[in-house]
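[1] need a structure here:
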Amino acid sequence: MTNTPPTPFENVPPPAPLRVVVADDNPVVRAGLTALLTGREDITVVAEAADGREACEAARDHRPDVVLLDVRMPQVDGLSALPYLVGIAPVMMLTYSRESEIVQEALRRGAGGYLVHGEFTADQLVTAVRDVREGRAHFTSTAAGALLEQLRREPSPERPLPENLGGLNATRADSKGFEPRPAYPSPTSAENLSRLQSPVAQSYRSGYQLSTREAEIMDLIASGMNNQQIAATCFISEKTVKNHINRIFAKLHSTSRAEAAAKWLGTAPGPGRGAG
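    Next up, the predicted model:
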């Protein structure tokens with residue numbers, strides 16, 4: 001009987017877990033992210049931070065593989081801390097801030113990706129964390145839209161194209177009836193709720209008296225998310241999501257998601273908006 005030769009990887013130890021620092025001023029968000037990430041065998045959260053200064057100190061002390069960084073934080077905000085942090089580890093912005101100017105500035109300052117809460121699932125977040133360590137950028141829809149907006153606004157560099165590309169002859173174009181296409185509008189999406197909500201909606205939605213959590217969930221409903229996605233985004237159970245939705249529907253005097261979203265966004269016809 002011959003002995004089976006050992007495999008070449010038999011004594012190779014498993015790779016060390018990917019080490020992450022989570023920086024967000026909301027303790028509930030920090031706890032949720034930490035629980036989610038440490039539930040994966042190949043990821044561990046080595047430190048949490050409540051502002052940019054703490055994030056810099058944690059990164060300096062722990063030398064993580066990835067930093068997850070919020071934008072709006074007290075004392076030192078995420079954008080201010082970003083140039084220092086990227087000198088230590090890849091940084092993924094993870095935030096509710098969706099303004100295109102902020103997205104673009106974060107990327108200019110070295111962020112390796114930009115995720116907006118409400119636009120990704122738990123599994124997508126984990127994949128993004130793993131990828132950003134390897135230099136593969138991840139962007140949710142709002143952040144990707146901001147990049148497109150920037151590219152469309154900025155003039156192209158004066159660089160010649162390869163021969164026969166982009167050189168449509170003006171005479172031929174006229175003879176064939178070609179006309180220049182109008183510029184694309186700035187990208188918009190359902191997730192850009194904070195920018196698309198009408199002034200009417202903003203003026204009366206306070207009358208619904210939704211709690212902060214209920215308003216957050218209503219925003220996610222209006223963006224098209226289902227209960228499972230909302231639960232993953234808010235780090236709560238689907239049962240808790242359903243309970244919130246029942247209370248939201250009662251306050252908005254609605255019987256469906258579409259009706260509630262229309263009232264929330266100020267697009268519902270008829271009187272009685274904002275009745276509490």
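
[2] all the strands of the stretch 1-150 of the chain, residue numbers only.
    18-23, 43-49, 66-69, 91-95, 113-116 (DSSP state E, counting those that start in this stretch).

[3] which one of these has the most crowded surroundings?
    Here the criterion is mean neighbour count by mean count of other CB atoms under 10 Å, and of these the winner is strand 66-69, at a mean of 28. In short, each C-beta sits where N, CA and C put it, glycine included.

[4] how far away from the center of its chain is it?
    Here strand 66-69 is found 13 Å from its chain centre; the criterion is CA atoms, centre = their mean, to the nearest Å.

[5] alpha carbons of it, as CSV, please.
    The C-alpha trace of strand 66-69 is given here as CSV (Å, rounded to 0.1, in the frame of the first residue of the first chain):
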residue,chain,number,x,y,z
VAL,A,66,-9.8,49.1,5.0
VAL,A,67,-11.4,52.1,6.6
LEU,A,68,-15.2,52.6,6.3
LEU,A,69,-15.8,56.4,6.6
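
[6] packing partners for it?
    The contact analysis (3 or more CB pairs under 8 Å, 6 or more residues apart in numbering; DSSP states H and E) places strand 66-69 against strand 18-23, helix 52-62, helix 78-85, strand 91-95, helix 122-133.

[7] the ones you listed: which one's closest to residue 44?
    strand 18-23 (5.9 Å; CB to CB).

[8] and the closest one, how far out from the chain middle?
    17 Å.

[9] in its sheet, what does that strand sit against?
    strand 43-49 (parallel), strand 66-69 (parallel) (DSSP bridges).

[10] can you lay out these as a markdown table showing mean pLDDT and distance to residue 266?
    Listed next are the strands paired with strand 18-23 as a markdown table, based on pLDDT from 0 to 100; distance: least, CB to CB, whole Å:
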| stretch | mean pLDDT | distance to residue 266 |
| --- | --- | --- |
| strand 43-49 | 95 | 37 |
| strand 66-69 | 96 | 33 |
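
[11] would TSV of these with distance to residue 233 be doable?
    Shown next, in TSV, are the strands paired with strand 18-23 (distance: least, CB to CB, whole Å):
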stretch	distance to residue 233
strand 43-49	18
strand 66-69	15
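
[12] what residues go with each domain of this structure?
    For the chain, the structural domains run 18-149, 193-265, going by automatic domain parsing.

[13] re the thing from before, out of the strands paired with strand 18-23, flag the one nearest residue 265.
    Across the strands paired with strand 18-23, closest to residue 265 is strand 66-69 (CB to CB), at 29.9 Å.

[14] circling back to that earlier point, which of the strands of the stretch 1-150 of the chain sits closest to residue 263?
    Evaluated over these, closeness to residue 263 peaks at strand 113-116, with 23.7 Å, by CB to CB.

[15] quick one: mean pLDDT for that closest one?
    For strand 113-116, mean pLDDT rounds to 93.

[16] please apply the same query to stretch 25-42.
    On average, stretch 25-42 scores 89.

[17] now stretch 51-62
    On average, the pLDDT along stretch 51-62 is 94.

[18] and it, how far from the chain's centre?
    On CA atoms, centre = their mean, the centre of stretch 51-62 falls 22 Å from the chain's centre.
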